[in-house]
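1. just coords:
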């Protein structure tokens with residue numbers, strides 16, 4: 001009898017699938033909330049010093065990006081100007097050679113041809129002086145181009161160094177050392193290898209000027225060849 005009375009007080013509580021889903025959902029939300037609380041970005045938002053540093057570095061990243069965009073535009077403009085100068089250089093010499101050839105053909109008699117031949121140095125000097133003006137303008141544009149190119153390279157290096165620090169700050173959160181600074185504006189000392197290959201670097205950067213000078217040197221004696 002005692003056992004029957006004891007069994008009569010046992011109550012079975014049904015557990016359905018909806019109740020299990022609610023339990024698992026609440027556990028997942030609790031775990032997610034705990035993970036968010038310990039996320040590095042949440043730690044940064046709760047730390048005024050880390051939050052201020054992150055905002056400052058993000059602002060500097062935006063400034064680096066704008067300066068790099070402006071310098072890239074200046075490089076494109078310099079390339080167009082150099083191309084236009086070189087094109088004008090060759091157009092001038094083509095027109096100049098045409099005039100010399102026409103003058104030589106129109107010299108019918110020997111006396112006139114001889115007098116024209118004696119003055120071959122006049123067009124040669126004119127050609128050389130004009131060529132030197134074009135070469136000087138091209139060299140100035142090249143100098144500015146490579147100066148801006150070096151500045152752009154430094155901007156990109158500084159931006160990469162700053163980006164690494166920002167990424168480290170986002171990953172570490174409040175444990176990030178606030179005294180750490182990105183190596184911005186610091187230039188590596190030139191090694192002996194760079195000094196050794198500096199003439200080769202100069203030639204590669206000024207190959208356009210060298211080619212124009214060689215062409216101008218060939219055009220100077222061409223006047224005597226055509227006229228005489």
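-> Arrived safely. Predicted, not measured: the structure shown is a model, and the values here were computed from it.
2. Now for the protein: which helix has the highest residue count?
-> The residue-count maximum for a helix in the chain (DSSP state H) belongs to helix 48-106.
3. mean confidence for it?
-> Mean pLDDT, computed over helix 48-106, is 88.
4. Please name every helix or strand in contact with it.
-> Contacts defined by 3 or more Cβ pairs under 8 Å, 6 or more residues apart in numbering; DSSP states H and E place helix 48-106 against helix 40-46, helix 110-118, helix 121-172, helix 207-227. Placement of C-beta: from N, CA and C, glycine included.
5. Also compute the angle for the last one relative to helix 48-106, please.
-> Computed with axes from the mean of the first three to the mean of the last three Cα atoms, to 10 degrees, the direction of helix 207-227 lies at 10 degrees from that of helix 48-106.
6. Helix 207-227 relative to helix 121-172, how many degrees between them?
-> With the same axes, to 10 degrees applied, the angle from helix 207-227 to helix 121-172 works out at 170 degrees.
7. Which strands or helices does helix 207-227 pack on?
-> helix 48-106, helix 110-118, helix 121-172.
8. Show residues contacting that helix.
-> Residues from elsewhere that reach helix 207-227, judged by Cβ atoms under 8 Å, 6 or more residues apart in numbering: 82, 86, 89, 93, 96-97, 100-101, 103-104, 116-117, 119-121, 123-124, 127-128, 131-132, 134-135, 138-139, 142, 203.
9. Among the residues you listed, the buried ones, what's the PyMOL command?
-> Selection of buried members from the contacts of helix 207-227 for PyMOL, criterion 16 or more other Cβ atoms under 10 Å:
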select buried, resi 82+86+89+93+96+97+100+104+116+120+123+124+127+128+131+134+135+138+139+142
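10. which one of the helices and strands packed on helix 48-106 lies closest to residue 64?
-> helix 121-172 (4.1 Å; Cβ to Cβ).
11. Need the mean per-residue confidence for that closest one.
-> 89.
12. helices or strands up against it?
-> Applying 3+ Cβ pairs under 8 Å, 6+ apart, we find helix 121-172 packed against helix 40-46, helix 48-106, helix 207-227.
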